[in-house]
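1. missing the sequence, but the structure's below:
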């Protein structure tokens, strides 16, 4: 078997040094993470780790906020959520996580950062099992395995493109004919969906989440442009003086605001077990398409790499769907109010008249009612 793979027993020779060094091996004077591969992928690898950590932190922050809400509901005297230290801690972690995700778009391709949102779903399942002591089911194990396998394929076969985007490059991408055609098609589809949403009052989950996905494609394009220009400005290559920076900032804020509006309505009308997997699939697909068209991320990728990347996306989609479908909605159990504890005056009389009384089943006159209460 060793001979079939071209391996021979014997002393190590210096001719093997370039092979080891090219894969980050222990070549002469090189560490475990040195070599050409690490040098060319260092920025992208840091972006992947930052995105993964940010998505996991998002799941932690959401669980902290949920715990704070449950504690506030169970209190005898409820108070606003913003007065809870636990809830404020969750919001602070969420802001830190979103800042990390924003930075990750400047360091790694959109096609790689967007699918890593599955880590937040995987993190929520991990927290519910190991910290909230919920039962781990076979579907959780299967979904987690598929998600992790998909993430591995995504990271391995993701496109390796330069991530330093100048304002001039963003301007050229913005007026390129592929993006113009893509923008026209996206506007037409969005207008059709908005017509059914507004005029026909069609609030189907697919209509709402398709509008969210179309807006999300513009959001990720703007986020990557803004974050990349800020990163270059921090390094000393000022990009904030270009008008395209502020145009992209307005586009990012506007599309994100409307995206949140439609997503909140979907969460209000439908269960989270249906919204989360569909939104993840739609958002990831639209983000990858926008990255391919606007930033040309797969322009020089091999066919095998593209196929394995798409296969990794498919595995991540299936994993998230299985995990989300396996979760049941948790409803708060709010007890009925005891009549003896109704705020105000105490009730001393009978709630209903005696069944053996002659007035049972009839309405008393108003003067008799006042006389009996006095």
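-> Looks like it came in fine. These figures come from a predicted structure and were not determined experimentally. Residues are numbered from 1 along each chain as shown.

2. C-alpha from now on. contacts and neighbour counts both.
-> Will do.

3. Which helix or which strand is home to the nearest residue to residue 248 once chain neighbours are set aside?
-> By the measure of CA to CA, 6 or more residues apart in numbering, the closest residue to residue 248 outside its immediate chain neighbours is residue 222, 5.1 Å from it. Residue 222 is part of helix 205-234 when elements are defined by DSSP states H and E.

4. which secondary structure elements does that helix contact?
-> Secondary-structure packing of helix 205-234 (3 or more CA pairs under 8 Å, 6 or more residues apart in numbering; DSSP states H and E): helix 85-107, helix 177-198, helix 243-269, helix 272-294.

5. Contacts for the second one next, please.
-> With CA atoms under 8 Å, 6 or more residues apart in numbering as the contact definition, helix 177-198 has outside contacts at 173-174, 202-203, 207, 211, 214, 293-294.

6. Among those residues, the buried ones, what's the ChimeraX command?
-> The buried residues among the contacts of helix 177-198 can be selected in ChimeraX (16 or more other CA atoms under 10 Å) with this line:
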select :173,174,203,207,211,214,293,294
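
7. Among the contacts of helix 177-198, which one sits closest to residue 50?
-> When the contacts of helix 177-198 are ranked by distance to residue 50 (CA to CA), residue 294 comes first, at 23.1 Å.

8. Can you name the residues that contact the closest one?
-> Under the criterion of CA under 8 Å, 6+ apart, the contact list for residue 294 reads 173-174, 178-179, 221.

9. now with 7 Å?
-> With CA atoms under 7 Å, 6 or more residues apart in numbering as the criterion, the residues that contact residue 294 are 173, 179.

10. sorry, back to before: so how many other residues sit close to the residue nearest to residue 248?
-> Neighbouring residues of residue 222 were enumerated by other CA atoms under 10 Å; the total is 22.

11. Assess the claim that it and residue 250 are in contact.
-> No. Taking contacts as CA atoms under 7 Å, residue 222 lies outside contact range of residue 250: 8.7 Å.

12. Does residue 305 touch residue 157 like I think?
-> Yes. Residue 305 lies in contact with residue 157 (CA under 7 Å); the separation is 5.2 Å.

13. before we move on, could you check phi and psi at the most centrally placed residue in the chain?
-> The centre of the chain sits closest to residue 117, judged by CA atoms, centre = their mean, with a distance of 4.7 Å. Dihedral angles phi and psi of residue 117 (degrees, to the nearest 10) take the values phi -60, psi -20.

14. Go ahead and confirm it touches residue 55.
-> Yes. Applying CA under 7 Å, one finds residue 117 in contact with residue 55, separated by 6.0 Å.

15. With adjacent residues omitted, what lies nearest to residue 219?
-> Using CA to CA, 6+ apart and skipping residues adjacent in sequence, the residue nearest residue 219 is residue 252, 5.0 Å away.

16. Could you pull up the contacting residues of the one you found?
-> 219, 222-223.

17. make it 8 Å
-> By CA under 8 Å, 6+ apart, the contact list for residue 252 reads 218-220, 222-223.

18. Kindly state the pLDDT recorded for it?
-> What the model reports for residue 252 is a pLDDT of 95.

19. residues of stretch 158-166 that come out buried?
-> Neighbour count says stretch 158-166 has 158-161, 163, 165-166 buried, by 16+ other CA under 10 Å.

20. ok, the nearest residue to residue 114 once chain neighbours are set aside - how many residues close by?
-> Spatial nearest neighbour of residue 114, excluding adjacent residues (CA to CA, 6+ apart): residue 284 at 5.6 Å. Counted by other CA under 10 Å, the residues lying close to residue 284 total 26.
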